[in-house]
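> Coordinates for the following, if possible.
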Amino acid sequence: MANPVSPLHPLRQTGQFGNKSAPGVTLQEIPNFGMLQFATWGDTFAETSAEAARVAGCDTAPNPGQFNSGDNGILMRVEPLKWWLISSEGTEVPQSDLPPEHGAVLDMRQSRCWLRIGGERAETLLNHFLPLDLSPAVFGAGTVASTAFHHVGVTLWRDDAGYNLLLPRSSAVSLWELMSESARQYGLVEI
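Predicted coordinates for the structure are as follows:
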């Protein structure tokens, strides 16, 4: 299946904006990524989590609020009985052999936009919008949260490079505008 054109494509500009003396935030859209959802029934948790880990190329499935990096992408536990596998463009993800009586696998690549937010003021920017404690002691690398951004459900995770945000495609434009306008006060670099 071909990846759709991003709804953010007409808005994004590369360059530096706002406070140019000290750019503190970088915003980057990651296009053409894969996204599989693994959902389990309560009594088949072990089988579904093992299959999600196998497809992701991880040793084990992550605990709630965590992610594991595997050969085929990032496997994150977004809900008690649900995992998302996020894979980069060009990654060949194996087919899942999960029987329907154990759970369901859903291709969700057209449902979200992926943003990477970095820079020394990224945490400050995100705290304008997200009701989370993003300090490294609480929300360190390897952490995932499903939360709300202006009443829209989003998923945030932190890796060694910074923050990553999955936005629903239907709300991506308005959320991008809010974030990029607010980031200009800290010095914004759009990649």
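> Stretch 140-157: end-to-end distance?
End-to-end distance for stretch 140-157, by Cα to Cα, to the nearest Å: 9 Å.
> just how off-centre is that stretch within its chain?
Relative to its chain's centre, stretch 140-157 lies at 8 Å (Cα atoms, centre = their mean, to the nearest Å).
> Following element in sequence after the helix or strand containing residue 153, please.
Using DSSP states H and E, residue 153 falls within strand 152-159. Downstream of strand 152-159, the next assigned helix or strand under DSSP H and E is strand 162-168.
> ok, and for the following helix or strand past that next one, which residues are buried?
Downstream of strand 162-168, the first helix or strand assigned by DSSP H and E is helix 172-183. Using 16 or more other Cβ atoms under 10 Å as the test for burial, helix 172-183 gives 172-173, 175-176, 179-180, 182-183. Just so you know, the C-beta spots here come from the backbone N, C-alpha and C atoms, and that holds for glycine as well.
> Can you list the strands that the helix or strand immediately after helix 172-183 in the chain pairs with?
Following helix 172-183 in sequence order, the next helix or strand is strand 188-190 (DSSP H and E). When sheet partners are counted by DSSP bridges, strand 188-190 sits next to strand 15-17 (antiparallel), strand 25-30 (parallel).
> Please work out which of these is packed deepest.
Among the strands paired with strand 188-190, the stretch with the highest mean neighbour count (mean count of other Cβ atoms under 10 Å) is strand 25-30, at a mean of 20.
> Other residues contacting the helix or strand of the chain with the lowest mean pLDDT?
Lowest on mean pLDDT, DSSP states H and E among the helices and strands of the chain sits strand 15-17, with a mean of 81. By Cβ atoms under 8 Å, 6 or more residues apart in numbering, the residues outside strand 15-17 that reach it are 23, 180, 184, 187-190.
> right, and the secondary structure at the nearest residue to residue 32 once chain neighbours are set aside would be what?
Of all residues beyond its chain neighbours, the one nearest residue 32 is residue 89 (4.0 Å), with distances taken as Cβ to Cβ, 6 or more residues apart in numbering. Of the three states, residue 89 takes coil according to DSSP: H, G, I helix; E, B strand; the rest coil.
> Correct me if wrong: residue 89 contacts residue 33.
Yes. Under the criterion of Cβ atoms under 8 Å, residue 89 makes contact with residue 33 at 6.2 Å.
> re the thing from before, farthest pair within the contacts of strand 15-17?
For the contacts of strand 15-17, the farthest-apart pair by Cβ to Cβ is 23 and 180; their separation is 13.0 Å.
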